[in-house]
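In: kindly generate the corresponding structure for this input.
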Amino acid sequence: MIPLFISFDFVDVVDIFLVALLMYEVYKLIRGTAGMNVFLGIIAFYVIWLIVRALHMEMLTRILGQFISIGGLALVILFQTEIRRFLTIVGNRYLHSQGRKRLSKFLNINQESIPVESISEISDAIFTMSASKTGALIVIAKAKEPILSHLQTGELIDSRISSALLQNIFYKNTPLHDGAVIIIGRKILAAKCVLPMSKTTELPMGFGMRHRSAMGMSEETDTLVLVVSEQTGDVSYFLQGEHFKLQSREELEEIIKQRQAN
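Out: Numbers count the residues shown, from 1 in each chain. A predicted model of the protein is given here:
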């Protein structure tokens, strides 16, 4: 007997809202990447399985069901980068800043702040290099442990932050100018670091390897990444998989201070 109505209560509303939120975040992560086509293919496959199961096509249902049963493992393998980015976004966006600080303290992850004078040194270096169209790539992190693998790809410096030192590192004839500088707290920890490349196709045409590396780093880690374009001298910053242009030293200093406060 077919029921005359379907029960629908507050829990169902919450359930639908959470599923919609999850799907929206997944869409934002894979939009503009090759993973979008794979994701659509998986959805189409699942819909076909639901249809053949509803039509009681037993043989086809069992065959497709075998693929569905290992779908979770396949998703992890195919979307491991996107899953890592998703978990990073959840940690950054949906956990309160105080909660993140308490969790970091519990896990013994030291959150290091940049002194005001060091922020000024970074800003001076960035816009001096911008004026001379000297390409630069600088990662500003809060803790060493989450980006340890990236630190290990570069040359250890462990020096106090200095505008002159940053400019010297990125001067085109120096051996350290390729790659990224990583800053944590009051120290320039390493230079010539290799960053993960973003696979997104939505970056502007004028963005080169530095910008793509900056986007990849911001997608995979909770870091602020600064880029000076070698072609135009434009200054950009990348955060949580998004990019923005900077117009002044004051704007850059304010962005860094806000990041230290969160």
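
In: domains for this protein, by residue range?
Out: Taking automatic domain parsing as the domain assignment, the ranges for the chain are 10-78, 116-261.

In: can you give me the first-to-last residue distance of the longest one?
Out: Using Cα to Cα, to the nearest Å, the end-to-end distance of domain 116-261 comes to 12 Å.

In: average pLDDT for it, rounded please.
Out: Mean per-residue pLDDT for domain 116-261: 90.

In: same deal with the shortest one?
Out: Taken as a whole, domain 10-78 has an average pLDDT of 77.

In: so which residues of the protein form strands?
Out: 136-141, 155-160, 180-184, 187-193, 224-228, 235-239, 242-246 (DSSP state E).

In: what about S236, neighbour count?
Out: 19 (other Cβ atoms under 10 Å). Heads up, the C-betas are built off the backbone N, CA and C, glycines and all.

In: need the winner for burial among the domains of the chain.
Out: With neighbours taken as mean count of other Cβ atoms under 10 Å, those reach their highest mean count in domain 116-261, at a mean of 18.

In: quick revisit: relative to M23, which of the strands of the chain is closest?
Out: Each of the strands of the chain has some distance to M23 by Cβ to Cβ; the shortest is strand 242-246, at 19.7 Å.

In: the closest one pairs with which strands?
Out: Paired neighbours of strand 242-246 in the sheet (DSSP bridges): strand 235-239 (antiparallel).

In: which residues does K192 contact?
Out: 154-155, 175-176, 178-180 (Cβ atoms under 8 Å, 6 or more residues apart in numbering).

In: farthest-separated two in those?
Out: Maximum distance among those (Cβ to Cβ): 14.6 Å, for P175 and A180.

In: how long is stretch 217-227 end to end?
Out: 12 Å.

In: any chance of the contacts of K192 in CSV, with distance to L224 too?
Out: Output for these, formatted as CSV (distance: Cβ to Cβ, whole Å):
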residue, distance to L224
G154, 18
E155, 21
P175, 26
L176, 21
D178, 21
G179, 17
A180, 12
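
In: closest to L226 out of those?
Out: A180 (9.6 Å).

In: wait, doesn't that closest one sit right on S213?
Out: Yes: A180 is within contact range of S213, at 6.8 Å (criterion: Cβ atoms under 8 Å).

In: and which of the contacts of K192 is nearest S162?
Out: Nearest to S162, judged by Cβ to Cβ, of the contacts of K192 is L176 at 14.2 Å.

In: list the contacts for the closest one?
Out: Contacts of L176 by Cβ under 8 Å, 6+ apart are 155, 169, 191-192.

In: check I169 too.
Out: By Cβ under 8 Å, 6+ apart, the neighbours of I169 are 176-177, 181, 188, 191.

In: now swap in M197 and tell me
Out: 209, 212-213, 216.

In: of all the residues you listed, which two lie farthest apart?
Out: Across those (Cβ to Cβ), the longest gap, 10.4 Å, separates M209 and G216.

In: ranges for the helices of the protein?
Out: Here the chain has its helices, by DSSP state H, at 10-30, 35-54, 58-69, 71-78, 80-93, 97-106, 116-131, 148-151, 163-170, 209-220, 249-261.

In: these two touch, right, P115 and R186?
Out: Yes: counting by Cβ under 8 Å, P115 does reach R186; the two are 5.5 Å apart.

In: measure the residue nearest in space to the middle of the chain to L195 for me?
Out: Taking Cα atoms, centre = their mean as the criterion, E219 is the residue nearest the geometric centre of the chain, at 1.4 Å. Distance of E219 to L195, given as Cβ to Cβ, to the nearest Å: 10 Å.
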